[in-house]
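1. okay, structure incoming, though there's no sequence with it:
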């Protein structure tokens, strides 16, 4: 039993930490049964300090515990909110166990009321009862939080007067969800590495796919750029080469986190896309039930297209640490969905 903490400044390297100790009143212990490892987790680690992702599960100095999405099962409790044996989907440390303080309990789940999480976004503090509504457990681990982000990006882009939607890191799971949702409404163009170009085309989600070195043929007079790469050079090239045709630019992820982003950008000022804020706006507009219904319908449509996905399972601390290192170093096949367990 252990928790893996990434070394800040050398994210591919991890240190094993002991599991949490004895419970206090109001707490419950969960065994983390399985969780996904995706580019989204790398983004959490890259922004561990400036977006406060390291604060969810505090670690020793110079380390950060990477948050992951998956399923946990209550195995010990000093809280009336959860029963031993109950299963929950939510935000866990990359490890084998977690101790939470369940509060604000309803039929829809509970919130971790730990003091150190009180000022952190509600979206990440909420735990939902395990349900088959999103499909099997592996698909939920891999896509449930990512597709919610895809859905929210698409909601925003659907309101824009754009003829082309340009997505960098086109093979990332969040980008694929956006592309599938937008296809047919706008021309959807992907940017990716030469090695991943055929994969992106084979999904059927993109009208056109270009490598990062080949931007000249991108169509459209009103182009919206969704940057999942975090690569300063890519972002600068897109802004420079598309000139007056680029009408808006949004930053979502950091799959190419090693490349600095220091250049002064021509064209529209990039806007940071933060899913929890957009989700709150949509819930206010549609109501909670309306939001859930729209998200569920969109997910069902996307899930029906996932024939390209291969689920790979890794088990044990050493195997999970190795998979995390490969992910950080960009060595994962985009058709692979990693589901891990310690």
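-> Okay, I see it. Keep in mind it's a predicted model, so treat the numbers as computed, not measured.
2. got the domain ranges for this structure?
-> According to automatic domain parsing, the chain comprises the domains 3-131+309-341, 143-276.
3. next, the buried residues of stretch 50-66.
-> 53-57, 59, 63-66 (16 or more other C-beta atoms under 10 Å). In this view, the C-beta of every residue, glycine as well, is placed from N, C-alpha and C.
4. follow-up on the earlier one: adding distance to residue 289, write the domains of the chain out as a markdown table.
-> Shown next, in a markdown table, are the domains of the chain (distance: least, C-beta to C-beta, whole Å):
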| stretch | distance to residue 289 |
| --- | --- |
| domain 3-131+309-341 | 11 |
| domain 143-276 | 16 |
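5. in terms of mean pLDDT, which of those ranks lowest?
-> Least confidently modelled of the domains of the chain is domain 143-276, at a mean of 87 by mean pLDDT.
6. distance from the chain centre to that domain, please.
-> Centroid separation for domain 143-276 versus its chain: 15 Å, with C-alpha atoms, centre = their mean, to the nearest Å.
7. kindly report the same for stretch 108-119.
-> The answer for stretch 108-119 is 20 Å, by C-alpha atoms, centre = their mean.
8. just stretch 72-86 next, same as before
-> Relative to its chain's centre, stretch 72-86 lies at 27 Å (C-alpha atoms, centre = their mean).
9. contact partners of that stretch?
-> With contact meaning C-beta atoms under 8 Å, 6 or more residues apart in numbering, stretch 72-86 is reached by 23-33, 87-88, 90, 92, 98, 101-103, 105, 110, 127, 129-130.
10. if we go to 7 Å?
-> 23-33, 87-88, 92, 98, 102-103, 105, 110 (C-beta atoms under 7 Å, 6 or more residues apart in numbering).
11. ok, stretch 334-342 next?
-> The contact list for stretch 334-342 (C-beta under 7 Å, 6+ apart) reads 2, 33-37, 95-96, 138, 141-142, 171, 196, 199, 308-317, 320, 323, 332.
12. swap in stretch 303-320?
-> Applying C-beta under 7 Å, 6+ apart, the contact partners of stretch 303-320 are 2, 4, 16, 135, 138-139, 180, 202-203, 323, 335-342.
13. what comes up buried for it?
-> 306, 309, 314, 317, 320.
14. farthest-apart pair in the residues you listed, please.
-> 306 and 317 (29.1 Å; C-beta to C-beta).
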